[in-house]
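Trainee: When you get a sec, could you give me coordinates for this:
(chains A and B)
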Amino acid sequence: MTMLKREDWQDLARDVEWDYSYVDDEAVFPDWQSGTGKVPREAWAKWEESYKVTYPEYVANQHGKETSAYAVKAAMQRSKAFENLDEGWKSSTKMHFGGVTLVEFMGQIGELRMARFGLNGGWRNMAVFGALDEARHTQITMFTGHEFVSRDPQYDWTQKAFQTNDWAAIALRSLFDGMIAAPNVVDLAIQLPLMFETGFTNLQFVALAADALGAGDINFANMISSIQTDEARHAQQGGPTLEILMEHDPVRAQWVVDKYFWLSARAFSALTGPGMDYYTPVGERTQSYREFMEEWIIDQFGRTLRDYGLKRPWYWDDFMAGLDVWHHSLHLGFWFWRPTVWWKPVAGVGKAERAWLQDKYPNWETIYGPKWDTIIANINSGQIEKTLPATLPWLCNTCHLPNCNPTFGRDGRWRARNWPLTHNGVTYHFCSNVCRQIWWEDRDGLNNPTVVERFLAGEIQPMDVPGILAWMGITPDVAGDDGHQYAWAAEYLPAQPAAATGA
Amino acid sequence: MTTHDDHTPAPQHTAPYLIPLNAVFDDDFLEILVPVMSNNTIAELAGAVAQHVEGVRVPARDAEKVVFFDGRLLAPDLTVAEAGITPLDHVRVDYAS
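Mentor: Model prediction:
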């Protein structure tokens, strides 16, 4: 039997729709799930993906990718490459495994929601492929991380992290609840495939792949490069959705884009920034985090958004200023509160690293130099206990990351500023004016309590550091510690006079 | 058993209570949670905040510490309650010079 050519049948099959006899359209596509809002229902008929794929093609492509990715993994499993990796790089991967694996699973739920409630048959069809993609991403990431559990129990958090009350996991869950689980699918298609996947996963999957190769971690580079090839396809669901929304409700489109550009940037400054500028050995770094953001996010993705007719977000100056601050502060926070994380943060502030940081970030020494010098002095005088936390950092009610964004003010100083808001008799504190503005707009929606709020409500007992760690699921064998056992601080010790020789 | 004259209001014996604060010290890079008691003095509040930061992340200086709350510089001998500080408020502790 002769097979029809794809172009002879795909137009008929890719966007199958039919009229309902027993229910009306609103029952099948309720607005709270489907989210057409001010967009006329019929406007979605012109939704069209730019890159089309059939199911046989999809299966053949994915089979090829899986075969190739798992072949490289099997080969690397027999090598000694893992033993030779620096702890800084290993910790980048531990962050990734714990922070990303079950987010991929959550991505699958988002794709399935679009596959059910998407307002065009072609969209729903694409989302089915997206759901299959995300299942593959969850599996390959978990399988890759699992391989190392026997050598280092922190890799167990590949599967565990997202299911604990660890503060970083709560921050991620809060972000993805708002991005994937809670919204209607029109907002979801813009928030996840467009903002997060098209805009930002390049950071994690392209930049980190380059750094992985530099660090000698072929296995990891292989895994994330394989994942990224899928992202490029299913992420295109955002474009046609945004186009239609811009035509009928540009105010809503701009708000959704602005909100998730900011929240994604906050998350990636935690997830990717420390890995690029501190954990990757200085000789292996391809670009600074800021340089990468400028090239991939500000230039390339910014052009994409302009092409859709969107304006720059209202907070652009705050975002640009944050590129010099956010991830440096989060890195210092991860290091200082290291018992609360499932990796071993390396300090990354030896003399050579500091020269690199100062070159890339001209204010680095002014803002962070005295703090690290104080920490170094405590390490070198044997007072490690003074480098460990005795209280909680205050966590932002919107992004759930610590309020740690110093800004340069009219007082001529770089300082952490307070951004409070009192609503219904409760005072909330935010990391920035922008997170405060987002919270106010969304105040009646999803608002997860922060770890600080849970602590003050008595959910965490006993109310001390061991109690907090236990509540977060951190056990002594996985609690983070300095990745290089403080050896890096020794180069700051005063030079000892040469020992006298001879009798 | 004691009784009160009908014309004299009963004394208010409010027991000291916990006040969790959002606090920042000098040029530290982040805000932290610091619990104080309502009957702590402002000087004691400054010490409670400083112990988490001074000589820990911010170089220690031999200088007096002052507390700012709601744009006001607070007298060191006031109590936290007298200063009007309530749970979840923000305070900034600085070196005086």
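
Trainee: wait, isn't A:Lys160 in contact with A:Gly98?
Mentor: Yes: with contact defined as C-beta atoms under 8 Å, A:Lys160 reaches A:Gly98; the gap is 7.4 Å. Every residue, glycine included, has its C-beta placed from N, CA and C.

Trainee: okay, and the common contacts of the two?
Mentor: Shared contacts of A:Lys160 and A:Gly98 (C-beta atoms under 8 Å, 6 or more residues apart in numbering or on different chains): A:Trp342.

Trainee: Those two - which one has more neighbours?
Mentor: Between A:Lys160 and A:Gly98, counted using other C-beta atoms under 10 Å in any protein chain shown, A:Gly98 has the larger neighbour count: 28 against 18.

Trainee: give the contact list for that one.
Mentor: With contact set as C-beta under 8 Å, 6+ apart, A:Gly98 has these partners: A:Trp157, A:Thr158, A:Lys160, A:Ala161, A:Phe162, A:Ala168, A:Ala169, A:Trp342, A:Trp343.

Trainee: now these as JSON lines including secondary structure and pLDDT?
Mentor: Shown next, in JSON lines, are the contacts of A:Gly98 (DSSP: H, G, I helix; E, B strand; the rest coil; pLDDT from 0 to 100):
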{"residue": "A:Trp157", "secondary structure": "helix", "pLDDT": "98"}
{"residue": "A:Thr158", "secondary structure": "helix", "pLDDT": "97"}
{"residue": "A:Lys160", "secondary structure": "helix", "pLDDT": "97"}
{"residue": "A:Ala161", "secondary structure": "helix", "pLDDT": "97"}
{"residue": "A:Phe162", "secondary structure": "helix", "pLDDT": "95"}
{"residue": "A:Ala168", "secondary structure": "helix", "pLDDT": "97"}
{"residue": "A:Ala169", "secondary structure": "helix", "pLDDT": "96"}
{"residue": "A:Trp342", "secondary structure": "coil", "pLDDT": "98"}
{"residue": "A:Trp343", "secondary structure": "coil", "pLDDT": "98"}
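
Trainee: now, which of these sits nearest B:Leu78?
Mentor: Relative to B:Leu78, the closest of these is A:Ala168; by C-beta to C-beta it sits at 38.6 Å.

Trainee: how much space between the nearest residue to that closest one once chain neighbours are set aside and chain B?
Mentor: Sequence neighbours aside, A:Val341 is the residue nearest to A:Ala168 in space, at 6.3 Å (criterion: C-beta to C-beta, 6 or more residues apart in numbering or on different chains). Using C-beta to the nearest C-beta, to the nearest Å, we find A:Val341 at a distance of 16 Å from chain B.

Trainee: check contacts around A:Val341.
Mentor: So A:Val341 contacts A:Met95, A:Asp166, A:Ala168, A:Phe334, A:Gly480 (C-beta under 8 Å, 6+ apart).

Trainee: what does A:Thr164 give?
Mentor: Going by C-beta under 8 Å, 6+ apart, A:Thr164 touches A:Trp157, A:Met472, A:Gly473.

Trainee: What about these, which one has the most neighbours?
Mentor: That'd be A:Trp157 among the contacts of A:Thr164, by other C-beta under 10 Å, with 27 neighbours.

Trainee: For that residue, give its distance to chain B.
Mentor: 24 Å.

Trainee: List phi and psi for whatever residue of the stretch 251-400 of chain A ends up closest to chain B.
Mentor: Chain B sits closest to A:Trp394 of the stretch 251-400 of chain A, with a gap of 4.0 Å, by C-beta to the nearest C-beta. The phi and psi torsions at A:Trp394 (degrees, to the nearest 10) take the values phi -80, psi 130.

Trainee: For chain A, what is the nearest residue in chain B?
Mentor: Nearest residue of chain B to chain A: B:Leu30, at 3.6 Å (C-beta to the nearest C-beta).

Trainee: Tell me the spacing between that residue and A:Lys94.
Mentor: Using C-beta to C-beta, to the nearest Å, we find B:Leu30 at a distance of 23 Å from A:Lys94.

Trainee: got the residue ranges for the strands in the chain?
Mentor: Let's take chain A. A:407-408, A:414-415, A:419-423, A:426-430 (DSSP state E).

Trainee: um, chain B though
Mentor: B:18-25, B:32-37, B:65-69, B:72-73, B:90-95.

Trainee: and the ones you listed as TSV, adding distance to A:Tyr308, mean pLDDT and mean neighbour count?
Mentor: Shown next, in TSV, are the strands of chain B (distance: least, C-beta to C-beta, whole Å; pLDDT from 0 to 100; neighbours: other C-beta atoms under 10 Å in any protein chain shown):
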stretch	distance to A:Tyr308	mean pLDDT	mean neighbour count
strand B:18-25	39	98	21
strand B:32-37	41	98	20
strand B:65-69	45	98	19
strand B:72-73	48	97	11
strand B:90-95	39	98	21
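
Trainee: In JSON lines, list the ones you listed along with distance to A:Ile180.
Mentor: Converted to JSON lines, the strands of chain B look like this (distance: least, C-beta to C-beta, whole Å):
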{"stretch": "strand B:18-25", "distance to A:Ile180": "30"}
{"stretch": "strand B:32-37", "distance to A:Ile180": "30"}
{"stretch": "strand B:65-69", "distance to A:Ile180": "40"}
{"stretch": "strand B:72-73", "distance to A:Ile180": "44"}
{"stretch": "strand B:90-95", "distance to A:Ile180": "33"}
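
Trainee: now the ones you listed as CSV including distance to chain A?
Mentor: Below are the strands of chain B laid out as CSV (distance: least, C-beta to the nearest C-beta, whole Å):
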stretch, distance to chain A
strand B:18-25, 5
strand B:32-37, 5
strand B:65-69, 10
strand B:72-73, 14
strand B:90-95, 4
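
Trainee: To A:Thr141, which of those strands lies closest?
Mentor: That would be strand B:32-37 among these, by C-beta to C-beta, at 33.9 Å.

Trainee: Kindly spell out which helices and strands sit in contact with the closest one.
Mentor: If you count contacts as 3 or more C-beta pairs under 8 Å, 6 or more residues apart in numbering or on different chains; DSSP states H and E, strand B:32-37 packs onto helix A:451-456, strand B:18-25, helix B:42-50.

Trainee: where does the chain have low pLDDT?
Mentor: Looking at chain A here, since you left the chain open. Applying pLDDT under 70 to chain A picks out residues A:1, A:202-204, A:446, A:498-503.

Trainee: ah, no, chain B please
Mentor: Checking chain B against pLDDT under 70 turns up B:1-13.
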